[in-house]
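Chemist: using only what follows, build the 3D model:
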Amino acid sequence: MAVRLNPYIAFTDGKARAAMEFYHSVLGGTLNISTFGDFGAPDPALADKVMHAILVTDTGMALMGADAPPGLEHVPGNDIAISLSGDEADVMREWWAKLADGGAVSTPLEKQMWGDEFGTCTDRFGVEWMVNIAAPQS
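Modeler: As a prediction, the model looks like this:
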């Protein structure tokens, strides 16, 4: 897989599914959508909300998105993050450490319910980063 750099959009008011389906109709490719319910979220209000969606075009571009969970305040400008995803674990952990240095960690880089290592931070320049290190395939 290597490492991929993608924009990641946080949608408010449960608009992620409609938005990602629209982008799919425009850009083509393959759209995969997972809900919070798919991953066993106990809150029924979250069950149908999009936890993660990825659109990969036929040319290899990727766009990711999700519904912002309840309680997450929407501040204009914080609805786009940069996502690093891949399986180059050592390199990605090094990048994570450097991005977080002098910034603020929102979610520590650690194993998540879907099996990957994941974390979010805002770098010293105010840019939000999401790092997802794919779990080794057995």
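
Chemist: helices of the chain, start to end?
Modeler: Ranges of helices within the chain are 16-27, 89-100, based on DSSP state H.

Chemist: now those helices in a markdown table, with mean pLDDT and distance to Leu109?
Modeler: In short, each C-beta sits where N, CA and C put it, glycine included. Shown next, in a markdown table, are these (pLDDT from 0 to 100; distance: least, CB to CB, whole Å):
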| stretch | mean pLDDT | distance to Leu109 |
| --- | --- | --- |
| helix 16-27 | 92 | 24 |
| helix 89-100 | 93 | 5 |
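
Chemist: for His74, give me the pLDDT.
Modeler: You'll see His74 listed with a pLDDT of 66.

Chemist: same check on Ala53?
Modeler: Ala53 is given a pLDDT of 96.

Chemist: that one: what's it in contact with?
Modeler: 16-17, 20, 31-34, 64-66 (CB atoms under 8 Å, 6 or more residues apart in numbering).

Chemist: among those, which ones are buried?
Modeler: Neighbour-count burial (16 or more other CB atoms under 10 Å) applied to those gives 16-17, 20, 31, 33, 64-66.

Chemist: low pLDDT regions in the protein?
Modeler: 1, 70, 73-77 (pLDDT under 70).

Chemist: quick one: the strands in it?
Modeler: For the chain, applying DSSP state E gives strands covering 3-11, 30-35, 50-56, 62-67, 80-86, 104-111, 117-122, 128-133.

Chemist: using JSON lines, lay out those together with distance to Trp96.
Modeler: Output for those, formatted as JSON lines (distance: least, CB to CB, whole Å):
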{"stretch": "strand 3-11", "distance to Trp96": "12"}
{"stretch": "strand 30-35", "distance to Trp96": "23"}
{"stretch": "strand 50-56", "distance to Trp96": "19"}
{"stretch": "strand 62-67", "distance to Trp96": "18"}
{"stretch": "strand 80-86", "distance to Trp96": "8"}
{"stretch": "strand 104-111", "distance to Trp96": "5"}
{"stretch": "strand 117-122", "distance to Trp96": "6"}
{"stretch": "strand 128-133", "distance to Trp96": "5"}
